[in-house]
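K.L.:
Below: sequence and its predicted model.
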Amino acid sequence: MGFGDLKAPSGLKVLNDFLADRSYVEGHVPSQADVAVFEAIATPPPAELCHALRWFNHIKSYQSQKNSLPGVKKPLGQYGPAGVGDSTAAVAQKGAAAAAAAAADDDDDDEVDLFGSDDEEDAEAARLKEERVAAYAARKANKPTLIAKSSILLDVKPWDDETDMAKLEECVRSIQMDGLVWGQSKLVPVGYGIKKLQINCVVEDEKVGTDLLEEHITAFEDFVQSMDVAAFNKI
């Protein structure tokens, strides 16, 4: 498994397809898996890879707190779809095998536990992960059954009359977050042959706000000029 070379267009295409129906690389919250893949990308994905760009901008906002995200960072080749090779992981595996062989040939180091500290760190990381998962599950279980929701009508404006509105809407709908459901949409003329996208969504108030929606939508700067809230109603 893996994404291939994430510094090349082919690798970014694999990542974009992988994120078409996922919010994160693993699970339903940002984790060390997202940090590992993010750090392997040299530059932001191009606008046509809207799923990868949406994910990239979202994970970028966590960089100041990336070390506190849950999970244990694994080699890059252990993330992504099956059947895609990762040359970086292969090189790392060969290097590890060579180091192990050299250690086995050194009689003076027979009684030295070269990997004991790593095992202890892995066990500690696994214990912390279990504690965080248990705490998260407890918080979920204690949440009230009544969830506050809102219906929001958004106006998304393009740059000009040459903007591909179908692609603009595809980019907007590619934004996937826990507590966000996209609804109906239509194109509304604004003058001079320009049309804006008017799209409805339902959000859980505790998880998704208009500021977060605007941040993600305006990140598609090749298509989107601005975003306004046309209507906001509590459900």
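P.N.:
Received it, and whenever you're ready, just let me know what you need.

K.L.:
Tell me the predicted confidence for the nearest residue to residue 12 once chain neighbours are set aside.
P.N.:
The spatially closest residue to residue 12, leaving aside those adjacent along the chain, is residue 45, at 5.0 Å (C-beta to C-beta, 6 or more residues apart in numbering). For the C-beta atoms, the positions are set from N, CA and C on the backbone; glycine is no exception. pLDDT, residue 45: 92.

K.L.:
same thing with residue 14?
P.N.:
91.

K.L.:
what does residue 63 give?
P.N.:
On pLDDT, residue 63 comes in at 85.

K.L.:
so the residue nearest to residue 12 makes contact with residue 52?
P.N.:
Yes - Residue 45 is in contact with residue 52 according to C-beta atoms under 8 Å; the separation is 4.0 Å.

K.L.:
Which residues are in contact with each of those two?
P.N.:
Common neighbours of residue 45 and residue 52 (criterion: C-beta atoms under 8 Å, 6 or more residues apart in numbering): 12, 15, 16.

K.L.:
Show me where this structure has its strands.
P.N.:
Using DSSP state E, the strands of the chain run over residues 149-158, 180-191, 194-204, 224-234.

K.L.:
Put together a markdown table for the shared contacts of residue 45 and residue 52, with distance to residue 35 on each row.
P.N.:
Formatted as a markdown table, the shared contacts of residue 45 and residue 52 follow (distance: C-beta to C-beta, whole Å):
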| residue | distance to residue 35 |
| --- | --- |
| 12 | 17 |
| 15 | 14 |
| 16 | 19 |
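
K.L.:
Looking at the residues you listed, which is nearest residue 76?
P.N.:
When the shared contacts of residue 45 and residue 52 are compared for distance to residue 76 (C-beta to C-beta), residue 15 wins out at 11.2 Å.

K.L.:
picking up where we left off before, wait, which of the strands of the chain is closest to residue 139?
P.N.:
For these, proximity to residue 139 was assessed by C-beta to C-beta; strand 194-204 is nearest, at 14.8 Å.

K.L.:
who's in contact with the closest one?
P.N.:
Residues outside strand 194-204 that contact it (C-beta under 8 Å, 6+ apart): 147-158, 160-161, 165, 168-169, 172-173, 178-190, 209, 213, 230, 235.
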